[in-house]
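J.: could you work out the structure for the sequence below:
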Amino acid sequence: MLLLLLVNPSVGRFGSPPAEPPIVLLDASLSMAGRPGTWRAALDSARSVGRGGVIWRFGDRVTAFDTSPPADGASHIAPALAAAATRGGAVVIVTDGAVDDLADVPPDLRRRARVIALPRPPFRDAFIASITAPERVGAGDTLQLMVGYGTAGPRAGRAGGERGQLVVESANRRLAAVPVVLPDSGVVTTTIALPAARLAPPGYHVLTIRLDDVPDVEPRDDARQLVIEVSAQPSAVVLAAPPDWDSRFLARVLEDVARVPVRLYDETEPGHWREGRSLLPAAPANIARDLQAARLVALLGDPHRTGAMHRHPGTATLVWNTTTPLTGEWYVTPPPPSPLQGDLAAIPWDSLPPVAALAGSQGESGDSGRTVVLSAQLSRRGPTAPIVVLEEGRQGRRVTVGAVGLYRWAFRGGMPEQAYRALIAAVANWLLAPAAGNSEPVVPVRREVENGLPLTWRWSAVGGPPRTGLTVTLTDDRGGVRRDTLRFDAGGRALEWLAPGTYRYDVAGGLGRGVVVVEVYSDEWRPAPAAFASQPGGGAERANRTGWRERWWVFVVALAAFAGEWAWRRRQGLP
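T.: Have a look, this model is predicted:
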């Protein structure tokens, strides 16, 4: 008996688990309120099976139960099932079956849960699936909109020939109308070219791309919205001769961190220039006009080839030399005192990967009017060589960069990417001074977000955001004002849920300003196949195992045996 208590073996048997209140997972995604929706029937079912138990709503997140209409723009069941499994007891899922992440659910959890599926009746739907366009364009540019549209669901009558039109509007003004033929099913794409001059004046413009003249049951997925920023003239021009990855990454990151329109021109062949994004031929007269109007000019590649195009010495200039490289592993050393030291102080330079090559001498640190911002050391030994040098004089401000392949930092992601962005932002702000301050630490990851999904904010400055959060003021298109506190996680992201509408935002302290849109559109409005079907649940019986130490009578028997042995030994005169 003592041995059984020490080893504590367990004895099990299969049978019904003890009766426990069920946990009901109620699908609260927008598809439950779509046309035709099943929300009322789902509420009745959840209340019926959840008597005495707990009801949770799930969609894009897991929340407590309430009877408000569904508002989540996604159907994610895996987090809700994982949370319910930690509580034990029966699990009941009430859903229309259209969940997005069924493949992420472990098979045992999937079999265990009882599922009450209330599928939406099939219906015919036409929709706009996606809009692809640049975030910023110049007033003289052509805006290229790539629109994906399609249909789903059964169709009455013979196939083929269903027509409609794509309409582009801004501020209740029709800018374009393109007739289209709808596919029988699936998604097709088309391109709409729109002169940016039609969006005048410069600033933020909200475009609505709508599918008209298409009879369907669900009209809330027939339109998408897009925020476009129009600039009168490009504030920065990048000349690349020859083009390479350094020029591509510089143009993209410069436009992002400095928040100015950027025009990229590539010399693909000697004497032949092309627009960097569209690869269309660029006339030298147009390039000269943009260079004259630009506030910042970046010359990448061979300084002799790019310098022949840029003849405006008073413009702030970034010269990035990638010729005659000195190969090897060049490690960047911590920055010495300079006007940019404060912007770069928080970067762990010793942890960054090496630079692949240097472009040769960038000038001596003792030269009059020249300040070394960053230096590099070959294999962490020997003398250092300057790779970023500032120069200020009568001809304006100038920055010379001699690091070849610095784009690899941005390509790696994580801390190297943040270091690359911080360096470009610091250089751009210094060159654009006294009109600095264009870099906004708080920006939305996307200016458009679908109905029911959170608006994601990104902290893009060096160093972490304030621990107490930042206040953002949002003014909607009806004049309503809302103030929220943005609290950033360890990755520099903050989430905010907003109702559909157009909002002008202003982050306290001048840390961000612009326009965001929450669309009426959601993927949940569209018909989707049911991934979940009704099932009774496979967890009705399970093995119930009990250890010997959990049986009270074992201890009574053990005590009685010890007492009996003691009495017998005393009677026999044994110690």
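
J.: now do the helices in this protein.
T.: Taking DSSP state H as the criterion, the chain contains helices spanning 2-7, 39-49, 78-87, 107-112, 245-257, 284-293, 303-307, 341-344, 407-412, 414-432, 552-571.

J.: now distance to E448 too, for the ones you listed, in a markdown table please.
T.: Heads up, the C-betas are built off the backbone N, CA and C, glycines and all. Conversion of these to a markdown table gives the following (distance: least, CB to CB, whole Å):
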| stretch | distance to E448 |
| --- | --- |
| helix 2-7 | 64 |
| helix 39-49 | 26 |
| helix 78-87 | 25 |
| helix 107-112 | 34 |
| helix 245-257 | 16 |
| helix 284-293 | 28 |
| helix 303-307 | 36 |
| helix 341-344 | 30 |
| helix 407-412 | 24 |
| helix 414-432 | 22 |
| helix 552-571 | 65 |
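
J.: include mean pLDDT when you put those helices into JSON lines, please.
T.: Output for these, formatted as JSON lines (pLDDT from 0 to 100):
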{"stretch": "helix 2-7", "mean pLDDT": "60"}
{"stretch": "helix 39-49", "mean pLDDT": "91"}
{"stretch": "helix 78-87", "mean pLDDT": "89"}
{"stretch": "helix 107-112", "mean pLDDT": "86"}
{"stretch": "helix 245-257", "mean pLDDT": "86"}
{"stretch": "helix 284-293", "mean pLDDT": "85"}
{"stretch": "helix 303-307", "mean pLDDT": "79"}
{"stretch": "helix 341-344", "mean pLDDT": "82"}
{"stretch": "helix 407-412", "mean pLDDT": "86"}
{"stretch": "helix 414-432", "mean pLDDT": "88"}
{"stretch": "helix 552-571", "mean pLDDT": "81"}
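
J.: nearest to W320, out of those helices?
T.: Closest of these to W320 is helix 245-257, at 6.5 Å (criterion: CB to CB).

J.: follow-up on the earlier one: out of the helices of the chain, the one nearest P22 is which?
T.: Nearest to P22, of all these, is helix 39-49, at 6.4 Å by CB to CB.

J.: elements contacting that closest one?
T.: Using 3 or more CB pairs under 8 Å, 6 or more residues apart in numbering; DSSP states H and E, the elements in contact with helix 39-49 are strand 23-27, strand 91-95, strand 114-117.

J.: as TSV, the helices of the chain with mean neighbour count and distance to E135 would be great.
T.: Compiled in TSV, the helices of the chain are given as follows (neighbours: other CB atoms under 10 Å; distance: least, CB to CB, whole Å):
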stretch	mean neighbour count	distance to E135
helix 2-7	11	69
helix 39-49	16	36
helix 78-87	17	32
helix 107-112	14	41
helix 245-257	21	8
helix 284-293	15	19
helix 303-307	16	26
helix 341-344	17	24
helix 407-412	18	18
helix 414-432	21	16
helix 552-571	11	71
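
J.: tally of neighbours for R381?
T.: By other CB atoms under 10 Å, the residues close to R381 number 7.

J.: do you know how far it is from W320?
T.: Relative to W320, R381 is positioned 26 Å away (CB to CB, to the nearest Å).

J.: ok, now L199?
T.: Counting by CB to CB, the separation of L199 from W320 is 32 Å.

J.: over to A385?
T.: Using CB to CB, we find A385 at a distance of 16 Å from W320.

J.: of those two, who's got more company?
T.: Applying other CB under 10 Å to A385 and W320 shows that W320 carries more neighbours, namely 25 against 20.

J.: who are the contact partners of L250?
T.: By CB atoms under 8 Å, 6 or more residues apart in numbering, the residues touching L250 are 238, 298, 300, 320, 407, 424.

J.: what's the nearest residue to T189 if we skip its chain neighbours?
T.: Distances taken as CB to CB, 6 or more residues apart in numbering put G148 closest to T189, at 4.7 Å, once the chain neighbours are dropped.

J.: R252 is in contact with R136, correct?
T.: No - taking contacts as CB atoms under 8 Å, R136 lies outside contact range of R252: 11.5 Å.
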